[in-house]
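*Asks:* could you look at this predicted model? Sequence included:
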Amino acid sequence: MSRIEKAVFELNSIEDLSRQNRWVNRLHPSVKLLLTLLLAVLAVSFDKYNLPGLLGLFVYPLFVFIAGGLRFKDALRRLWIVLPLVVVTGITNPFFDRQVQFYIGNFAVTGGMVSMATLIVKGILCVLGAYILIATTPIEGICRSLRAFRVPKTIVTVILLIYRYVTVLLQEADRVTNAYLLRAPSEKGIGIRAWGPLAGGLLLRSMDRAQVLYESMQLRGFDGEFPEGLHALFYEGRDNRRLSIIYFAVWAVILVLLRIVPVAGIVGSVFGI
Amino acid sequence: MADKNESCLLVRNVSFAYEKKYPVLHEISFEAAPGETVGIAGANGAGKSTLLKLLVGLETGFEGSIEICGIRLDKKNLAAVRRHIGYVFQDSDSQLFMTTVEEDVAFAPLNYGYSADETKKRVENALRSVNAEHLAKKPVYRLSGGEKRLVSIATILSLTPEVVLMDEPSSGLDPKNRRNLIGIIRDLPGTKLIASHDMDLLWDTCSRILLIRDGRIVCDGPADDIMRNEELLRENDLELPLSLQGRR
Ligand SMILES: Nc1ncnc2c1ncn2[C@@H]1O[C@H](COP(=O)(O)OP(=O)(O)OP(=O)(O)O)[C@@H](O)[C@H]1O
Ligand SMILES: [Mg+2]
């Protein structure tokens, strides 16, 4: 498989995951969307030195991983690309904030190191939150919730089209690169001189296909609103309203408690550390 | 008008250009009766796809008038018109946008406000009529090209349109699927318009042929006459159906 084919394969696997028929998948999409937002907001709001407290928030993604039958290895592989970005955000902190906070053995840990770690962990939490959302919720469900929260039609439609379209774009790119490489067998990659025309052609062809996609939606009565119950139609149990509400309430309380109660400290003192 | 009830498709003096300087269709006029299967034959670039796109309102800004099931096509009543007419794209790869086959087929009926139970029934029927029940749960991205074609026909049929337009329905199909498709088209109720340069497909499915060349209708008549007229076909860069070539 080429790298592009691999990427398409990964995207399709995430879609497969979101279509499983576990109870987490059947929860109302809005509930999962809200919890992911809550997770992100709470994570960001933690003090920049409060690393132990922040770690407590991992219980939620952990729980969804287990309940949703997601695999850590797969997630790690898929999120590998974004992790460097997350790390870069805090990379300068250790240079500015050199005040020693505590020692591990002889090693002086400065405030900058702690705050860098905190930032990275916050980033990881946000990325994980997004991942567990799309890996347990079909994209149409997410879009329907966004509409329910009054996100404008145009934006929601664009999100859906981009999501649907990434694979088509990648496949198109795969075709173009293959066609190029077949006629330039001695080259390792695409020569810099061909980049312009290839990228331009790719863009134009992609736009054509996106147009067909959108027209086909319009022809079948799409006006920016996703029909209610499309997902529920073929899944037993439908959107499970009561379970969804309880799920949301329980997790919202747990997450907020983890934010305001210094759980890490309490656990520490119980064990006499 | 007396013939209003008799034809569900009425096209009068339609001219169209994508860019003003290059007209693509000139003064196209024809009508189709309920249940009639009309083939639109023409070489590459003749304007077949353009004509079909006009009929479903994907291209606007044409001159003349188009009437579908008694409704005059214009910008304001696109939704009403599209309730009666289905369009199968030339490129069925980009026509499907939901994740699983059944969801894609259910998309239109739900959008037009059918109940969940009714929608389910429609999905089953639509898939059955293209012999693709077994694909219902499959993710769209795992379908072969031929399967995608069948499914994209089903997505149209779930609304039970009175008029069905198909653009090159047989391209990319293997002989078995092509046979299957011909059977499906023959069994479809309603008015059908099939654009293709696959003369054998048209011969097998259509009772009447519109021959288009450079955006003009050069001939409109029974398939039997046009398909056997080798000279006429050759003039229009087309060939006799293979099944007729043996019996000259
Ligand atoms: N979006 C467009 N913009 C400008 N010109 C177009 C566009 N689409 C088609 N044309 C032109 O309109 C003419 C008719 O094209 P059309 O696609 O209708 O032909 P066709 O009969 O369907 O051909 P084919 O058998 O190759 O599908 C062609 O000359 C084409 O170049
Ligand atoms: Mg065409």
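*Replies:* Cool, the structure landed. Numbers count the residues shown, from 1 in each chain, chains lettered A, B, ... in the order given. Ligands and ions are numbered 1, 2, ... in the order given.
*Asks:* tell me where the chain is predicted with low confidence.
*Replies:* Reading this off chain A. Residues of chain A meeting the criterion pLDDT under 70: A:1, A:228-239, A:264-265, A:267-268, A:270-273.
*Asks:* hmm, I had chain B in mind actually
*Replies:* Using pLDDT under 70, the flagged stretches of chain B are B:1-6, B:247-248.
*Asks:* could you pick out the residues of it near ligand 1 for me?
*Replies:* For chain B, the contact set with ligand 1 under CB under 6 Å from any ligand atom comprises B:18, B:24, B:42, B:44-50, B:197. For every residue, glycine as well, the C-beta is placed using N, CA and C.
*Asks:* of those residues, select the buried ones using a ChimeraX command.
*Replies:* The following ChimeraX line selects those of these that are buried, judged by 16 or more other CB atoms under 10 Å in any protein chain shown:
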select /B:24,42,46,47,48,49,50,197
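*Asks:* which parts of chain B sit against chain A?
*Replies:* Counting by CB under 8 Å from any CB of the partner chain, chain B comes close to chain A at B:56, B:58, B:79, B:82-83, B:86-87, B:89, B:91, B:93-100, B:102-103, B:106-108, B:110-112, B:116, B:119-120, B:137, B:139, B:141-142, B:155, B:159.
*Asks:* which of these fall within helices?
*Replies:* Residues of the residues of chain B next to chain A located in helices (DSSP state H): B:79, B:82, B:102-103, B:106-108, B:110-111, B:116, B:119-120, B:155.
*Asks:* which among these end up buried?
*Replies:* Among these, those buried by neighbour count (16+ other CB under 10 Å) are B:82, B:102-103, B:106-108, B:110-111, B:116, B:119-120, B:155.
*Asks:* what ranges do the strands span in chain B?
*Replies:* B:9-19, B:22-32, B:37-41, B:63-68, B:71-72, B:85-88, B:163-167, B:191-196, B:208-213, B:216-222 (DSSP state E).
*Asks:* possible to save those strands as CSV with distance to A:L33?
*Replies:* Shown next, in CSV, are those (distance: least, CB to CB, whole Å):
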stretch, distance to A:L33
strand B:9-19, 42
strand B:22-32, 46
strand B:37-41, 47
strand B:63-68, 40
strand B:71-72, 40
strand B:85-88, 34
strand B:163-167, 39
strand B:191-196, 43
strand B:208-213, 50
strand B:216-222, 54
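*Asks:* so the closest residue to ligand 1 within chain A is in which element?
*Replies:* Of all residues in chain A, A:D208 sits closest to ligand 1, at 8.5 Å by CB to the nearest ligand atom. Assigned by DSSP states H and E, A:D208 falls within helix A:192-219.
*Asks:* buried residues in that helix?
*Replies:* For helix A:192-219, the neighbour count (16+ other CB under 10 Å) marks A:198, A:202, A:205-206, A:209-210, A:212-219 as buried.
*Asks:* go on, stretch B:70-83?
*Replies:* B:73, B:78, B:81-83.
*Asks:* return the residues of the stretch 1-150 of chain A in contact with chain B.
*Replies:* Contact residues (CB under 8 Å from any CB) of the stretch 1-150 of chain A with chain B: A:12, A:15-16, A:19, A:138-140.
*Asks:* again, only this time at 10 Å
*Replies:* Within the stretch 1-150 of chain A, the positions adjacent to chain B are A:8-9, A:11-12, A:15-16, A:18-19, A:138-140 by CB under 10 Å from any CB of the partner chain.
*Asks:* make CSV from the residues you listed and add secondary structure and neighbour count to it.
*Replies:* What follows is the residues of the stretch 1-150 of chain A next to chain B, written out as CSV (DSSP: H, G, I helix; E, B strand; the rest coil; neighbours: other CB atoms under 10 Å in any protein chain shown):
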residue, secondary structure, neighbour count
A:V8, helix, 20
A:F9, helix, 12
A:L11, helix, 17
A:N12, helix, 16
A:E15, helix, 20
A:D16, helix, 14
A:S18, helix, 21
A:R19, coil, 19
A:P138, coil, 22
A:I139, helix, 20
A:E140, helix, 22
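*Asks:* and the two most separated of the residues you listed?
*Replies:* Among those, the pair separated by the greatest distance (CB to CB) is A:F9 and A:E140, at 21.4 Å.
*Asks:* residue ranges for the strands of chain A, please.
*Replies:* Using DSSP E, the strands of chain A run over residues A:100-104, A:107-110.
*Asks:* out of the buried ones among the ones in helices among the residues of chain B next to chain A, the closest to A:P94 would be?
*Replies:* The shortest approach to A:P94 among those belongs to B:E103, at 49.8 Å (CB to CB).
*Asks:* any idea how far ligand 1 is from that closest one?
*Replies:* Using CB to the nearest ligand atom, to the nearest Å, B:E103 is found at 29 Å from ligand 1.
*Asks:* wait, that residue sits on B:V123?
*Replies:* Yes: look at B:E103 against B:V123 with CB atoms under 10 Å: they come within range, at 8.8 Å.
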